[in-house]
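Q: Model the following, please.
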Amino acid sequence: MKRNISLWQFAGFAFTSLLGTLLHYLYELTGRSVLAAPFSGVNESTWEHMKLLFFPLFAFAIIQSFFFKDYKGFWCVKLAGTAVGLILIPAIFYTYNGAFGKSPDWFNIAIFFICAAVVFLLEAYLLKKDSFKCKRRWIPIALLCVIGVLFILFTFITPTLPLFLDPLTGTYGING
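A: Numbers count the residues shown, from 1 in each chain. Got it, this is the predicted structure:
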């Protein structure tokens, strides 16, 4: 299984899809637990939907890293894939809404799965190519950790920017 990159990436897509869907509802299912809030969606903002993609991607990357130790560029590939996914969510959402006014719920849901698929397809391509090298593995790991910390921090100390606005309530973050 170590060398079957396509199978690993399919497993990653399934893992991310299932965990991301669970995280969408976890905050409400736990009675708005402050322990669930950092990793789950606390409102319907675009930022919170990006968080639903990030944490499953990061968790799967940690699991996968134990089996891909010989890939020198593994963490750079994971950082690139994660960055693309996190950029695509607002890009697709705001482009669609800018062009058509408001996106239907089914499309908003589809954005998550489309972005997850793009992430794992891109990573599969880069892993198979095996030319994406990291000179210092700790740099992409550190950057992914910083992104994770920002997701957690902005759950509780939320900037008042459109990316963080819950379109249903007109509020920001967990205190909305």
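Q: Which element is encountered next along the chain beyond the longest helix seen in the chain?
A: Longest helix of the chain, by residue count under DSSP state H: helix 74-100. For helix 74-100, the following helix or strand on the C-terminal side (DSSP states H and E) is helix 105-129.
Q: after that next one, next one along is what?
A: Once the chain leaves helix 105-129, the next helix or strand it forms, by DSSP H and E, is helix 138-156.
Q: Show me which residues of the longest helix of the chain are buried.
A: Residues of helix 74-100 classed as buried under the neighbour-count rule (16 or more other C-beta atoms under 10 Å) are 74-86, 88-90, 92-93, 96. Using the backbone N, CA and C atoms, a C-beta is placed for each residue, glycine as well.
Q: In terms of secondary structure, what does it contact?
A: helix 46-65, helix 105-129, helix 138-156 (3 or more C-beta pairs under 8 Å, 6 or more residues apart in numbering; DSSP states H and E).
Q: Find me the pLDDT at R137, would you?
A: Looking at R137, its pLDDT reads 87.
Q: in this protein, which ranges drop under the pLDDT threshold?
A: Within the chain, the ranges that satisfy pLDDT under 70 run 1-3, 176.
Q: Go again with 80.
A: Residue ranges of the chain with pLDDT under 80: 1-3, 175-176.
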